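Engineer: take a look and give me a structure for this.
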Amino acid sequence: MRERFPGAIVLSDAVALGSVAEGFDAAIVDGLLEDESWDRWLLQRVHRVLRLGAPIVVVVPPLTSLASAIDLRFLLYASNRLLARAVQRLWPGFELPGPVRRRYHLPWLIRKMESLGYTAVQPGAGWPQASRSPLLPWLAQRSSVVACKASSVAGRQGRSWPDAQAHLQWYAKHYAPIPASRDAWLSVFPELRRVTPCELDPSEWRGARVLVLSPHPDDELIGCGGTLCRLGSAGAKLTILQATDGCRLQSLRELARSRRKSVRQEEAAHVASKLGAELVVWREEDTRLRCSAALMAKLAHLMRDVRPTHVFAPFLGDRHADHRALSDILAGALPMAGVEPQILQYEVWSLSPANLYCDITACVETLEDLMLLYEYAMRVDDFVHFCQNRNLARALELTKRHAYVEAFLATTSAEYQALAARSPSMA
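Structural biologist: This next block holds a predicted model:
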């Protein structure tokens, strides 16, 4: 490659795309997705290095071809996945290692690419001259071809907003368990069903001491990352506590145990540095966080040192056991801490009865850049678009306009302790 194309950038690993800053004019992904463990993540990384409107051609082996029935590697992979799904009903963490050899159902792949910010197009129309060569027909003879263009975040760089009502209906259907968790929690607190949302003004937080409680590395960004960007820029002092090591991710399964225990803390340190925040880590085991007197005392000690004026914590109605455990630890630590900060409950696996929101439209792309620093988590789940879809839906619901907002249930320390004492377990 270097001999034939002296000016080419040759990468030995597609993950290295993250270090390529150029805005490429086009991309061809051929013979790669079917053998890539995290194919959605690869397409997402390619999207990051394409300029707005740049075309991408993806060539994949079709699921319905005769070759699928005689490809032993594909049959092994398919049987592996079917067995894993069957066993996961009894043991959710079960995963069979093995080679990857996918075949693709084209409508599924197109929907997946559209969810990542690509727009499906007819090859040829409006494409660069190089893309209208005989290359596309030649590729089409060999495999199935998907042609798309890269687009930006809705409302940014000229991209149009979706229809408001259609997006709210799509979000309610696609993410049904998330608002359902809030509604179940509100059955105990009907008085919070009709709270009035107010907008957070970051300029009023100059000099504020903000403590962020994050159950796992990435929760601080999913729940309040855009708000932290704005508060840091306004002059607030940020401290982030990472409670667990986040070592249970499937994307870490090929790493040594010692590495699994540390790699996500390293990612968290990089994110904290970008935010200008101080990082505190507890290294409790992922999925094993439990409320205890020792951890309540440990958090109270941290709060006495930081003396926060505001604390961001997971919403009490969150369905994840680690999230609820950290909330209970906070409720137990507050009487011992000697401070009475305002508590802002952020949203991850549940919406909240929000009485406060922060408009993060101007920094949504900065938040996306930060989230992609959590590479191992983003390989498994597309939290970038998960947050974009939620934050747009919340803006439409709370402000009745197109924007991106992060929503919170804000209370005094005393009110938070009272809510925690009455909150049912949502795990």
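Engineer: quick one: buried residues of the one helix or strand V384 maps to?
Structural biologist: Element membership of V384 [criterion: DSSP states H and E] is helix 383-398. Neighbour-count burial for helix 383-398, counted by 16 or more other CB atoms under 10 Å, picks out 383-384, 386-398. (Glycine included, C-beta is placed from N, CA and C.)
Engineer: which of the residues you listed sits closest to E36?
Structural biologist: V384 (18.3 Å; CB to CB).
Engineer: the closest one touches L370, doesn't it?
Structural biologist: No. Contact between V384 and L370 fails when scored by CB atoms under 8 Å: they sit 9.9 Å apart.
Engineer: grab the most central residue of this protein for me.
Structural biologist: Residue closest to the average C-alpha location in the chain (CA atoms, centre = their mean): F383, at 1.8 Å.
Engineer: so what's it up against?
Structural biologist: Applying CB atoms under 8 Å, 6 or more residues apart in numbering, we find F383 in contact with D218, L221, I222, M371, Y374, A377.
Engineer: what's the spacing between the fifth one and S214?
Structural biologist: Read it as Y374. 11 Å (CB to CB, to the nearest Å).
Engineer: any residues in contact with both of the two?
Structural biologist: A268.
Engineer: neighbour-wise, which of these two wins?
Structural biologist: S214 (31 against 24; other CB atoms under 10 Å).
Engineer: now the more buried one: closest residue in space, sequence neighbours ignored.
Structural biologist: E220 (4.0 Å; CB to CB, 6 or more residues apart in numbering).
Engineer: pLDDT wise, what is that neighbour at?
Structural biologist: pLDDT recorded at E220 is 98.
Engineer: what is the neighbour count of it?
Structural biologist: The number of residues near E220, taken as other CB under 10 Å, comes to 27.
Engineer: do V121 as well
Structural biologist: By the criterion of other CB under 10 Å, V121 has 16 neighbours.
Engineer: return the residues in contact with it.
Structural biologist: P55, W127, A147, C148, K149.
Engineer: tell me the two of those that are most distant?
Structural biologist: W127 and C148 (11.0 Å).
Engineer: which neighbours do these two share?
Structural biologist: In contact with both W127 and C148: P55, V121, using CB under 8 Å, 6+ apart.
Engineer: the more surrounded of these two?
Structural biologist: C148 (25 against 20).
Engineer: who does the host helix or strand of the more buried one pair up with?
Structural biologist: In this assignment (DSSP H and E), C148 forms part of strand 144-150. Using DSSP bridges, the strands paired with strand 144-150 are strand 55-60 (antiparallel), strand 118-120 (antiparallel).
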